[in-house]
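Enquirer: Structure of the sequence below:
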Amino acid sequence: QVQLVESGGGLVQPGGSLRLSCAASGSIFSIYTMGWYRQAPGKRRALVALITRDISTNYADSVKGRFTISRDNAKNTVYLQMNSLNPEDTAVYYCNADVKVTSSPRDQYTYWGQGTQVTVSS
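Expert: Numbers count the residues shown, from 1 in each chain. Modelled structure (predicted):
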């Protein structure tokens, strides 16, 4: 079993910054792609950013230049630095990871965290 635990959400004023963290623990052989998604009220969950094990990144157009995803493979942790936040960034942010739980290529699964609320408001 693998658990993803997010932290760092909260209330911030427009123009402010937050840093989200997501730590994976449990039966982990290796972690491939890790990512952040968000879901605003009444909307579908949407990709924010992805990062591969070799540190290739991909961002949603709406966050390019403002958000930065990074990871620490030794700590099985992914981060999301969010700058210049605006009210449209308000959402529940979810961490996601593709995890290999054994050396077998068949034993790879996708896990989700429980979500952390980010609210941007004055």
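Enquirer: Give me the nearest residue to residue 80, chain neighbours excluded.
Expert: Setting aside the residues directly before and after it, residue 80 is nearest to residue 20 in space (C-beta to C-beta, 6 or more residues apart in numbering), at 4.3 Å. Glycine gets a C-beta too; all of them are placed from N, C-alpha and C.
Enquirer: what about the helix or strand hosting the one you found, average pLDDT?
Expert: Applying DSSP states H and E as the criterion places residue 20 in strand 18-26. What strand 18-26 shows for mean pLDDT is 97.
Enquirer: try stretch 71-83
Expert: The model assigns stretch 71-83 a mean pLDDT of 97.
Enquirer: can you name the farthest residue from the center of the chain?
Expert: The outermost residue of the chain, judged against the average C-alpha position, is residue 104 (25.8 Å), by C-alpha atoms, centre = their mean.
Enquirer: Contact partners for it?
Expert: Residues near residue 104 by C-beta atoms under 8 Å, 6 or more residues apart in numbering: none.
Enquirer: Please tell me how far residue 74 sits from residue 67.
Expert: Using C-beta to C-beta, to the nearest Å, residue 74 is found at 23 Å from residue 67.
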